[in-house]
Structure formats: structure tokens, C-alpha cells
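S.K.: generate a structure from the sequence data that follows.
(one chain, ligands or ions: 2)
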Amino acid sequence: MAARPDARPWVPEELSPDTLRDALQQCEGCELFQDATQAVPGRGTFDARLVLLGEQPGDQEDKQGQPFVGPAGRVLVDALDEAGVDRTDVYVTNTVKHFRWKSGGGKRRLHQSPGRAHVEACRPWLDAELSLLRPVGAVLLGGTAGKALYGTTFRVGEARGVLREWPEKYPVAAPPGWVLATIHPSAVLRAEPDERQTMYDGLVSDLRLAAETLRAS
Ligand code: URA
Ligand code: SF4
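M.R.: Ligands and ions are numbered 1, 2, ... in the order given. The predicted structure follows:
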């Protein structure tokens, strides 16, 4: 059986922040590039010690070309600040770099979670980012990022809030020394109004552990 196509043919051999950014826009490693405006690279300095891994760009991110600039991004920024995470020490990226959506009628584009095949196809970009970053720690935002690393049995509700090791099954050149999973900020937005504050407080509390661990790292 032929291997499924993935992003590898588009990842530059001479890796640098610039070659990575340029090459990402050319990627046709899965079909998601076809209906998206652009690929959305990570944001932040490659000197950052902490990497945050989301799911995929949303509607706003797809239009603006930057991760976490829509409603979920606002929740994330507030939570990072409240938790005392130094945002200049953070690189934010997504598991999948193109927006997957379906039509909601008219111009509305409804988020569709990426499938396993998209996550796997896009993984070489994450590998490339990690090899440039060599981060001290990683925070996984939600189930897609968690499953990408730990496999499909990963459940963010059970796995969140504790420090874990980088998965052996996923070798990278310089694995982060610790990994912390937490809920995705958009889960706060989707929650019932009376549960929203509790969800948000949980996100902040997890991020506080990341901030403390980073300071001690
Ligand atoms: N949700 C994500 O996972 N990533 C983004 O960039 C925006 C929303
Ligand atoms: Fe390439 Fe990832 Fe976009 Fe698929 S989602 S086309 S693998 S950048």
C-alpha cells in the first residue's frame, strides 16, 4: 500500500524561521489547502521556552494569517496573563495549519475538526517547528493536540492539569522536558453560561502550573 501523502515534500531541507514560513504557504500535503485562504504559521520568537499547541486556525485566523487572533485567542491571552505566563517566552502554533470548515449557508464558514489524516499529514510542520524551537515545555490546548501526541485514546478531561513526559512514540530531535494538557480556550466559549467561569478558572489554574514549572525549568 502506498504511504498516504503528507507535508514532507514541502518542508525545506535548510530549516530556518524564514524558509519554514515561506515553504508552509506552498504546502499541498493534504486537501485542506484547497478551501482555505492561507496556511497559518506559528507566532512568537523561536527563542521561546514554551510552545502552546492548539488545534487548527479558525475563521479569523484563516483570514488574518495568524494563530489565535479570534475569540478563542482573546480567552487564551486573558488566561495566560492571569496565570502569569510571560507571553514573550511563548510560541503559539496549531496541530493543523489550514482551516477546515464547511459551509453554514451564505458566507458563514463553520469549524470542522481536523481528521486523523489531516493531523498526520501536517505533523512534519510541527516537527520542523519543534526542531527550531527546542522548547523547555509544551502546553497542549484541547483534544486534537493531545491526540496528535498521545494517540486517539487521549481524553483531555482526564489528562489535563498534570505534568507528563513527551511521548516516546513521537520522537523529535529535542523533546520538551515536560508536557501539560489543558482544555481548549474555545471550550470556555462553548460552555453553558453558568459553567463558563469554572471552565475558565480551570484553564487559568492549569496555565499557572505551566508558568511555575517554566520558572523552575
Ligand atoms: N483555535 C485553535 O486551535 N487555533 C487557533 O489558531 C484559533 C482557534
Ligand atoms: Fe499542508 Fe497541513 Fe495544510 Fe494539509 S493542513 S495542506 S498538511 S499545511
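S.K.: so which bits of the longest helix seen in the chain are buried?
M.R.: Counting residues, the longest helix in the chain under DSSP state H turns out to be helix 193-216. Judged by neighbour count using 16 or more other CB atoms under 10 Å, the buried positions of helix 193-216 are 199, 200, 202, 203, 204, 206, 207, 209, 210, 211, 213, 214. Any C-beta I mention is one placed from the backbone N, CA and C, and that applies to glycine too.
S.K.: can you give me the helices in the chain?
M.R.: Taking DSSP H, the helices of the chain run over residues 17-24, 59-64, 71-83, 116-133, 143-150, 156-159, 185-190, 193-216.
S.K.: give me whichever of these is most buried.
M.R.: Sort the helices of the chain by mean neighbour count, taking mean count of other CB atoms under 10 Å, and helix 143-150 sits at the top with a mean of 23.
S.K.: can I get that helix as PDB, trimmed to CA atoms?
M.R.: As requested, C-alpha coordinates have been extracted for helix 143-150 and formatted as PDB (Å, rounded to 0.1, in the frame of the first residue of the first chain):
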ATOM      1  CA  GLY A 143      -8.200  17.100  22.500                       C
ATOM      2  CA  THR A 144      -6.800  17.400  19.000                       C
ATOM      3  CA  ALA A 145      -3.300  18.400  20.200                       C
ATOM      4  CA  GLY A 146      -3.400  15.800  22.900                       C
ATOM      5  CA  LYS A 147      -4.500  13.000  20.400                       C
ATOM      6  CA  ALA A 148      -1.800  14.100  18.000                       C
ATOM      7  CA  LEU A 149       0.800  13.400  20.600                       C
ATOM      8  CA  TYR A 150      -0.600  10.600  22.800                       C
END
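S.K.: isn't residue 148 right up against residue 125?
M.R.: No. Counting by CB atoms under 8 Å, residue 148 stays clear of residue 125, with 11.6 Å between them.
S.K.: still on that earlier bit, how about the buried residues of helix 193-216, which pair is most distant?
M.R.: In these, the most distant members under the criterion CB to CB are 199 and 214, with 22.8 Å between them.
S.K.: what does the pLDDT read for residue 3?
M.R.: Note on residue 3: pLDDT of 74.
S.K.: from what I can see residue 120 touches residue 5, true?
M.R.: No. In this structure, residue 120 sits apart from residue 5 without contact. The criterion is CB under 8 Å, and the distance is 10.2 Å.
S.K.: poorly predicted segments of the protein, please.
M.R.: Judged against pLDDT under 70, the low-scoring parts of the chain cover residues 1-2.
S.K.: and it, which of its residues are near ligand 1?
M.R.: For the chain, the residues found near ligand 1 under the criterion CB under 6 Å from any ligand atom are 54-58, 61, 67-68, 70, 72-73, 94, 186.
S.K.: which residues of this structure lie near ligand 2?
M.R.: Taking CB under 6 Å from any ligand atom as the measure of proximity, the chain contacts ligand 2 at 7, 27-30, 32-33, 39, 96-98, 118, 121-122, 125.
S.K.: please repeat the previous calculation with a cut-off of 5 Å.
M.R.: Those residues of the chain that sit near ligand 2, judged by CB under 5 Å from any ligand atom, are 7, 27, 29, 30, 32, 33, 39, 96, 97, 98, 121, 122.
S.K.: of all these, which two lie farthest apart?
M.R.: Going by CB to CB, the pair spanning the residues of the chain next to ligand 2 furthest: 39 and 121, at 12.4 Å.
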